[in-house]
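1. Next come a sequence and a model predicted from it.
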Amino acid sequence: MLSFVAQRVVKGAIVLLAIIVLNFFLIRLAPGDPAMVMAGEAGAGDKIFVTQLREKFGLDRPLPEQLFLYVKGILSFDLGFSFRQQAPVSKLIIDRLPATLLLTITAFVISLVFGILSGVFAARWAGTWADTAITVGALVFYATPLFWIALMAILLFSVALDWLPSFGYETVGANYTGLAHALDVGAHLIMPAMTIGLFFMATYARMTRASMLEVKRLDFVKTARAKGLSDNVIQRRHVLRNALLPVVTLAGVHSGTLIGGAVLTETVFAWPGIGRLMYEALLQRDYNLLLGVFVVCSAMVLIFNLVTDLVYRMVDPRIDFAA
Amino acid sequence: MLKKIVLGLVLTCGASAALAEGPKMGGVINAVIQPEPPGLMMALVQNGPTQMVSGNIFEGLLRYSPKLEPLPGLAESWTVSEDAKVYTFKLKPGVTWHDGKPFTSADVLFSIDMLKQTHPRARNNTVQVEKIEAPDDLTVVFTLKQPFGPFLGIFEVGSMPIVSKHLYEGTDFKTNPYNNAPIGTGPFMFKEWQKGSFVRLVKNPNYHVKGKPYIDEIYWQIIPDAAARSVAYETGKVDVLPGGSVENFDVPRISKLKDTCVTGAGWEFFSPLAWMWLNNRAGPTADKKVRQAIMYAVDRNFAKDVIWNGLGKVATGPSASSIKFYTDDVPKYAYDPAKAKALLKEAGYNGEKIRLMPLPYGETWQRWGEAVKQNLQDVGLNIETVATDVPGSNQKIGDWDYDIAFTYLYQYGDPALGVGRNYITSQIVKGQQFNNVEGYSNPEIDKLFAEGAVATPDSKRKEIYEKAQKILVEDVPVAWMLELQFPTITRCKIKDLITTAIGVNDGFRDAWIDK
């Protein structure tokens, strides 16, 4: 197992380097640079200002030299300096990462738990009204755009019912501590987490249902039944365990996508995470910050993928690391 | 006698009631700020959100009334020599920085020196300054190379923020730790900045205007989505939506909410004027007749009434009506598609493709782009919309890679500060976005703007600028659209939020909450 992990880490590092190089050039293909954006924001039409900014950011140097300096920095864990925010990129990301992790992990857990449960439920009672309700509900959430769900949730739960706060991480100025603070953050977390979670929940519900129905028809289930095992044991130990493999694969892939979903959700709900940081960095052509967020997200995806492979092994002991 | 007593009682009671209705102390204001400011040090960062937040922390030598008359700020009085070349400012005594150190003329001298390095607008505004002296701690003397008409108009806090010499002298300005915890002389002090969430300012108990500020704290809440900002106001989480915070189509709805007040005041100094750059160098728009046809083809009243919900005013030319030396005695371009078609025929336009680039500043601007496209197609122009984001738009405009492109610019109260830059030949510089981007060149206009900046007295300047406006409107170097109005929306209980020509950018020193 150790050699498997080591091998994956080395491969991951190579992939990460490729991502950095590719993105370094890709984001520079977009028209405009941070100096033009900042000159625009300052309402400054003078050449000295833009030239000063380009020199300050090193944007006047040849591209290969800029890339070399960037990669050199990365190797010493230096993600560079944000042009616009005037702060080290690593500090900006570290400041915002906890909020994003809280949001995405909550959304991930909600979607996995409720998605799998509803999938199991629908498969168990396939063809009944409950199955139809779950399937239709999953289809609706699967097909509805995130931003629309977010805005409708705000209209319903914040404006009409006044149950939940519409934006932010906590109640500004309330200075809650301890449990009151946790509850306050929780209230702010519900809508954004559900917004991200609903789509994935729908996906897992559909996948679990389909997978369980397929596994149910296989011979080993018939054998288990012939052995006289109870239905509960068959569903839990034989059907669900085998049916979960594609769900785990999908969840592994989604763990990276969650950050993508967070970009939109964090913007709509003013959640102070790295998704929003990335969105703003893109609009401001803040190259270092954007690349920094890419690096962190890519590293997270690689780690999640590794974890997925390990979970695979736990779910299905037949899978061999050596293979 | 009895009558006198009764009258006296009535007057006394009346006076007491008036006093009781005066500003009340205390309270917190939650305001929206968007986008998040990149920094709060005004000498280093000049974007709108920075000015809005830091206008509470820093101050300028002068403030300006809605009629653009100078008012005391850090300078309590000023005199101008007869030859209009020497300006002497007497600074207010007893002013201290938020760290308790006294504010003196040395700070002013240092600030101007620093701003020349870091603040492009201050650098341009002070180009006529020959020397600056500080004969004593409370006097600053500016000597100009030649008279400069708008000189008294360059001292508001955004154009020339005064920074502390003792904290910045001899340091690397960009990495100075006080950039993140700015120290100014203003009515509010920096307290906390939770990135991505809010900036918190607290009352300066030693503010140099006795009794002010009235409110205790300001929370500037950072909410990136326009719809979410509307909801934040509707649900009572914020009390102030500065101009431009919500989409224009949301303004009428929010304005009708209970206890909501709306004002268009506070933009007199900036006077945002929207126009379309017309590329004068190449393509169909290089022909004056085509440019005039565009002016006749666009229904600007429709844009004002429908897209901007009746806010703003149709522009008559290069100057907004609120800035100095404006005249409406210029050629007029009413909506007249038939005349536009005739002009296009005269110009020999044969259906060449014309690229139109809307301003990527949100839904209102996209809709405006669509409406103009329709207007121009109706008179037979072959229009293709080019979609891009803000950096892309900046780049394309700066590189002159467009045919027609939307923009809006501030005019800063005087044609020498905010108008001439868009029409004189020396301002044709590739790679920049707010100069003479259209490539218009007319020696007579160059001469008039050069003379207008240094002429005295004002009556002479008026004559020059009125002549310039007439020539420009005849030549149509760009297509002027609207004098924009960005309404500030507040709870009605918040009083005196906007008292000067730069509105919320001048800080909340006069604001109070009627509880």
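-> Noted; the coordinates are in hand. Keep in mind the model is a prediction, meaning the values are calculated, not measured. Numbering: from 1, shown residues only, chains lettered A, B, ... in the order given.
2. Flag every buried residue along stretch A:117-126.
-> Buried residues in stretch A:117-126, defined by neighbour count with 16 or more other CB atoms under 10 Å in any protein chain shown: A:118-124. C-betas here are computed from N, CA, C, even on glycine.
3. Next: stretch B:26-44.
-> B:27, B:29-44.
4. so which of those are also by chain A?
-> B:30, B:35-36, B:38-39, B:44 (CB under 8 Å from any CB of the partner chain).
5. Can you list which of those residues are found in strands?
-> B:N30 (DSSP state E).
6. Among the ones next to chain A among the buried residues of stretch B:26-44, give me the pair with the biggest separation.
-> Maximum pairwise distance among those (CB to CB): 26.7 Å, between B:N30 and B:L44.
7. The nearest residue to A:G252 once chain neighbours are set aside: what's it in contact with?
-> The shortest distance from A:G252 to any non-neighbouring residue, by CB to CB, 6 or more residues apart in numbering or on different chains, is to A:T308 (2.9 Å). Taking CB atoms under 8 Å, 6 or more residues apart in numbering or on different chains, we find A:T308 in contact with A:248-249, A:251-252, A:255.
8. what does the stretch 51-200 of chain A have sitting close to chain B?
-> So the stretch 51-200 of chain A meets chain B at A:56, A:84-86, A:92, A:95-96, A:99, A:151, A:154-155, A:158-159, A:162, A:165-170, A:172-173 (CB under 8 Å from any CB).
9. Relative to A:L151, how far out is the residue lying closest to B:S393 once chain neighbours are set aside?
-> Using CB to CB, 6+ apart and skipping the chain neighbours, the partner closest in space to B:S393 is B:P360 (5.5 Å). The gap separating B:P360 from A:L151 is 21 Å, by CB to CB, to the nearest Å.
10. Likewise for B:A293?
-> 42 Å.
11. just for chain B, where's the confidence low?
-> Along chain B, the parts satisfying pLDDT under 70 run over B:1-20.
12. just the CA coordinates of the helix or strand encompassing B:D107, formatted as CSV?
-> Element membership for B:D107 (DSSP states H and E) is helix B:105-118. Below are the C-alpha coordinates for helix B:105-118, written out as CSV (Å, rounded to 0.1, in the frame of the first residue of the first chain):
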residue,chain,number,x,y,z
SER,B,105,2.2,71.5,7.1
ALA,B,106,5.1,69.0,6.9
ASP,B,107,2.5,66.3,6.4
VAL,B,108,1.0,68.2,3.5
LEU,B,109,4.4,68.7,1.8
PHE,B,110,5.3,65.0,2.3
SER,B,111,1.9,63.9,1.0
ILE,B,112,2.2,65.8,-2.3
ASP,B,113,5.7,64.4,-2.8
MET,B,114,4.4,60.9,-2.2
LEU,B,115,1.3,61.3,-4.3
LYS,B,116,3.4,62.4,-7.3
GLN,B,117,5.0,59.0,-7.2
THR,B,118,1.8,56.9,-6.4
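13. what's the spatially closest residue to B:I57 that is not a sequence neighbour sitting at in phi/psi?
-> The shortest distance from B:I57 to any non-neighbouring residue, by CB to CB, 6+ apart, is to B:G184 (4.0 Å). Main-chain dihedrals, B:G184, degrees, to the nearest 10: phi -130, psi -160.
14. wait, isn't B:G184 in contact with B:V95?
-> No. B:G184 lies out of contact with B:V95 (CB atoms under 8 Å); the separation is 10.6 Å.
15. who's more crowded, those two?
-> B:G184 (29 against 20; other CB atoms under 10 Å in any protein chain shown).
16. so who does the residue in the stretch 101-250 of chain B positioned nearest to chain A touch?
-> Per CB to the nearest CB, B:G196 is where the stretch 101-250 of chain B lies closest to chain A, at 2.8 Å. Applying CB under 8 Å, 6+ apart to B:G196 gives the contacts A:96, A:99, A:169, A:270-273, A:276-277, B:36, B:222.
17. Geometric centre of chain A: which residue is closest?
-> Centroid-nearest residue in chain A: A:L258, 2.1 Å away (criterion: CA atoms, centre = their mean).
18. can you tell me the average pLDDT over the strand or helix carrying it?
-> Counting by DSSP H and E, the element that carries A:L258 is helix A:241-268. Averaging pLDDT along helix A:241-268 yields 81.
19. So which bits of it are buried?
-> For helix A:241-268, a neighbour-count test (16+ other CB under 10 Å) marks A:242-245, A:247-248, A:250-252, A:254-256, A:258-259, A:261-268 as buried.
20. Any chance of a PyMOL selection covering the buried ones in the residues of the stretch 51-200 of chain A next to chain B?
-> Those of these that count as buried under 16+ other CB under 10 Å are selected in PyMOL with:
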select buried, chain A and resi 84+85+86+92+95+96+99+151+154+158+165+166+167+168+169+170+172
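21. wait, does stretch B:485-504 make contact with chain A?
-> No. Stretch B:485-504 does not reach chain A (CB under 8 Å from any CB); its nearest approach is 13.4 Å.
22. Quick check: end-to-end length of that stretch?
-> 14 Å (CA to CA, to the nearest Å).
23. Go through it and flag the buried ones.
-> In terms of neighbour count (16+ other CB under 10 Å), stretch B:485-504 has its buried residues at B:485-491, B:494-495, B:497-504.
24. go on, stretch B:286-294?
-> Applying 16+ other CB under 10 Å to stretch B:286-294 flags B:287-294 as buried.
25. Sort out which one of those lies nearest chain A for me.
-> B:R291 (21.8 Å).
26. Point out the residues in the stretch 401-515 of chain B that sit beside chain A.
-> B:409-410, B:421, B:427, B:429, B:431-435.
27. could you redo these as a markdown table and give each row distance to B:F325, neighbour count and secondary structure?
-> Converted to a markdown table, those look like this (distance: CB to CB, whole Å; neighbours: other CB atoms under 10 Å in any protein chain shown; DSSP: H, G, I helix; E, B strand; the rest coil):
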| residue | distance to B:F325 | neighbour count | secondary structure |
| --- | --- | --- | --- |
| B:L409 | 17 | 20 | strand |
| B:Y410 | 17 | 20 | coil |
| B:R421 | 16 | 22 | helix |
| B:Q427 | 19 | 20 | helix |
| B:V429 | 25 | 14 | coil |
| B:G431 | 31 | 16 | coil |
| B:Q432 | 25 | 24 | coil |
| B:Q433 | 25 | 23 | coil |
| B:F434 | 21 | 23 | coil |
| B:N435 | 21 | 20 | coil |
